[in-house]
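Q: Here is my input; please provide its structure:
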Amino acid sequence: MSSKIDKTLIGPAGESLVLARLLSRGHLASAAPRGTRKIDIVVNDFNNNNPKLVQVKTTMKSPTSGWPMSDKHETITDENLFYCLVSFENPMGLVYVIPAKVVADAVKIDHAIWLDQPGKDGKPHSAANKFRQIKSSMNGKNPGWLDEYLENWESIDFTPSPES
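A: So this is what the prediction gives:
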């Protein structure tokens, strides 16, 4: 039996891990319907607060290799949207829980610095490049900056209502 994992299973594995972690924290969380724009998981509250929305990005590699993003992620800053970046480099999975605004700023700054640096043979990088990446080492960020978001589930927690 091969130890190679079918790539079509990696994304659902990450989503399932995030769902399990949210449910074990007592959140009312469920998978969004397939194809839902921007989100994979909806986290509701028992006190009628606005739901928290989660987009899951999963890799079998380490956080130094990063997670692919695109230029659209530079502008997604919804207050109730969070990215859960899952790395299965560790078999138990590591999850970085990051607000969308932090991801947007990191991706935008990293790309702007990349554009200012010369490419191969001193040629300028192409501004038309839509590829972005979020990883533990990025232009404009201190090394290991992702560590503060490791298992940062508190950022998704709802504040108790005054009646509680």
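Q: can you give me how far stretch 28-40 is from the chain middle?
A: Using CA atoms, centre = their mean, to the nearest Å, the distance from the centre of stretch 28-40 to the centre of the chain it belongs to is 14 Å.
Q: would residue 101 count as being in a strand?
A: No. Read with DSSP: H, G, I helix; E, B strand; the rest coil, residue 101 is helix and lies in no strand.
Q: That one and residue 74 touch, don't they?
A: No. If you go by CB atoms under 8 Å, residue 101 and residue 74 don't touch, sitting 11.0 Å apart. Yep, even glycine has a C-beta here, placed from its N, CA and C like the rest.
Q: Show the backbone phi and psi for residue 29.
A: For residue 29, the backbone dihedrals (degrees, to the nearest 10) come out as phi -120, psi 140.
Q: beta partners for it?
A: Counting by DSSP bridges, residue 29 forms beta bridges with residue 43.
Q: Pretty sure it sits against residue 44.
A: Yes. With contacts counted by CB under 8 Å, residue 29 reaches residue 44, the gap being 7.5 Å.
Q: So which of those two has more stuff around it?
A: Of the pair residue 29 and residue 44, residue 29 is the one with more neighbours under other CB atoms under 10 Å, namely 21 against 15.
Q: Now do that one, the pLDDT please.
A: You'll see residue 29 listed with a pLDDT of 96.
Q: what are the ranges of the helices in this protein?
A: Using DSSP state H, the helices of the chain run over 10-24, 100-116.
Q: Make CSV out of those helices and add mean pLDDT and mean neighbour count.
A: Compiled in CSV, the helices of the chain are given as follows (pLDDT from 0 to 100; neighbours: other CB atoms under 10 Å):
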stretch, mean pLDDT, mean neighbour count
helix 10-24, 96, 18
helix 100-116, 95, 18
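Q: No more questions from me, cheers.
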